[in-house]
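Student: Predicted model and sequence follow; I will ask about them next.
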Amino acid sequence: MAGVKSLILSLSLAQIAAVVSATASTVSGQPYWLNFQSNVNPLNISYPTIQQTVSYDVVKECSYYDVDPSLIAYNATEWPSVWDLATSNGMNSSTEFLALYNSIDWTSAPNISVRQISPAGGLDFTGYDTVLDPDCWWSVNGCTIPKLPDVYPDIYECPEPETWGLTYDDGPNCSHNAFYDYLQEKKLRASMFYIGSNVVDWPYGAMRGVKDNHHVASHTWSHPLVTTLTNQEVLAELYYTQKAIKLTTGLTPRFWRPPFGDIDDRVRWIASQLNLTAIIWNLDTDDWEAAQANKMTSVEKNYQDFITMGKNGTFSSHGNIVLTHEINNTTMSLAIEHLPQIMSSFKNVVNVATCQNITNPYFEDTVTFPTFAEFFGLNTTGASPSASASISAAGVVSASISAAGPASTDGSVSNVLRGNLAASASTRGSEISNFVAISVGTIALALLL
């Protein structure tokens, strides 16, 4: 049973929502997200039953399909080029984007330089004070608390004790049917960080994420090292991903995750103009590397080390947020393989919105999430564990409650995913965990069909 945590600041969720509304960038006299269009009702999502949405055969799943225009009206001239920077295809000079860009007071933007790529292909830290880290550059030392006012701090852990914050990056993956079926079977809801280019390529996959009650958030349009982009490019990467998720799901996220965790106070300030808060992590499985035969052992060890932490008291006073991916069948198979152990070692396995008691993870009020206590069926009346409001180090209101989570056993879909590995055409370049960057677009799903 968790005790009452120290209060850094007392705010109710309603107060936070009011602050967000008051500071929203406005276009045509209203918050920018109200200008987005969608024919999808997030409370009643229905998409065609076709081989791409039901098959476990990766070749069938990853065959491109024509989208029902009554559901999704996509005009390529109004969007960036898929897997190119979001300023591409003339978006940086479009009337729509310029209206947003000009609505922001750029004179108040932090005077922080655009980062450079080193000759070796990673981030160039030359000349930067890595000791004082004046710009709270996460890639330097994991800084999550901004050093500037009016910038949203990052979320990097679940405040609830013995809690595994379940997150998956780089979706929606075209071959995720078996994986999502498994999560649904085990009643697991994750935070899914969707790439805008994947959303427009595989819109029914994004729709399923919302239909299955996952917490859908943004992961930029083209998965770049965001601190190396200009202000205009950063804004476009965030904006068009918001627009894509809204188009396909009827919802606009309040949260995002920077690719490779690469964020500083300039990028945070720009994200704050769109009322976006970054969700980082405090444990990294490096599962993206597992497709390389010589890396599987180290990835398996990471999983086992983290599972052990759920048993040895490491997370007795707080929880974690774990970085994992749905980028290919290898990473999704690893998730299925280890989730039973995770659920038996941690009392709670849940998405970040719920572990943080964020009941409105989208700007629209049509979809609400349960609190942590509600999700786990806790009795919060009387002398039982209290949902005392507290601010985590990331600055988000949360409840100080722990609960017993369900145990689970593995399912047959793991074998399906394992069998699909050879057929999978999903590929990914090198991650930035060791500050090695990849070219824009190399993490795209290269479907050789």
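Tutor: Arrived safely.

Student: What segments of the stretch 251-400 of the chain are helices?
Tutor: Here the stretch 251-400 of the chain has its helices, by DSSP state H, counting those that start in this stretch, at 265-273, 296-309, 329-345, 352-355, 372-375.

Student: what's the angle from the lengthiest helix in the chain to helix 265-273?
Tutor: Counting residues, the longest helix in the chain under DSSP state H turns out to be helix 231-249. An angle of 40 degrees separates the directions of helix 231-249 and helix 265-273 when computed by axes from the mean of the first three to the mean of the last three CA atoms, to 10 degrees.

Student: same for helix 231-249, what does it pack against?
Tutor: In terms of contact count using 3 or more CB pairs under 8 Å, 6 or more residues apart in numbering; DSSP states H and E, helix 231-249 is assigned the packing partners helix 95-102, helix 196-201, helix 203-211, strand 215-218, helix 265-273. Any C-beta I mention is one placed from the backbone N, CA and C, and that applies to glycine too.

Student: Off-centre distance for it?
Tutor: From the chain centre to the centre of helix 231-249 is a distance of 14 Å (CA atoms, centre = their mean, to the nearest Å).

Student: just the strands in the chain please.
Tutor: When secondary structure is read from DSSP state E, the chain shows strands at 26-27, 30-31, 116-117, 123-124, 163-171, 191-194, 215-218, 255-256, 277-278, 283-284, 320-325, 348-350, 389-391, 397-399.

Student: With mean pLDDT and mean neighbour count as extra columns, can I get the ones you listed in TSV?
Tutor: Below are those laid out as TSV (pLDDT from 0 to 100; neighbours: other CB atoms under 10 Å):
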stretch	mean pLDDT	mean neighbour count
strand 26-27	82	16
strand 30-31	94	14
strand 116-117	96	13
strand 123-124	97	19
strand 163-171	98	28
strand 191-194	99	29
strand 215-218	98	29
strand 255-256	98	24
strand 277-278	98	24
strand 283-284	98	18
strand 320-325	98	24
strand 348-350	98	27
strand 389-391	30	18
strand 397-399	28	23
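
Student: can you list these in JSON lines and add distance to Met309?
Tutor: As requested, the strands of the chain are exported to JSON lines (distance: least, CB to CB, whole Å):
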{"stretch": "strand 26-27", "distance to Met309": "45"}
{"stretch": "strand 30-31", "distance to Met309": "41"}
{"stretch": "strand 116-117", "distance to Met309": "34"}
{"stretch": "strand 123-124", "distance to Met309": "29"}
{"stretch": "strand 163-171", "distance to Met309": "9"}
{"stretch": "strand 191-194", "distance to Met309": "20"}
{"stretch": "strand 215-218", "distance to Met309": "23"}
{"stretch": "strand 255-256", "distance to Met309": "25"}
{"stretch": "strand 277-278", "distance to Met309": "24"}
{"stretch": "strand 283-284", "distance to Met309": "8"}
{"stretch": "strand 320-325", "distance to Met309": "8"}
{"stretch": "strand 348-350", "distance to Met309": "13"}
{"stretch": "strand 389-391", "distance to Met309": "22"}
{"stretch": "strand 397-399", "distance to Met309": "20"}
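
Student: about what we covered before: compare the helices and strands packed on helix 231-249 and give me the one nearest Gln232.
Tutor: Taking CB to CB as the criterion, Gln232 comes closest to helix 95-102 out of these, the separation being 6.4 Å.
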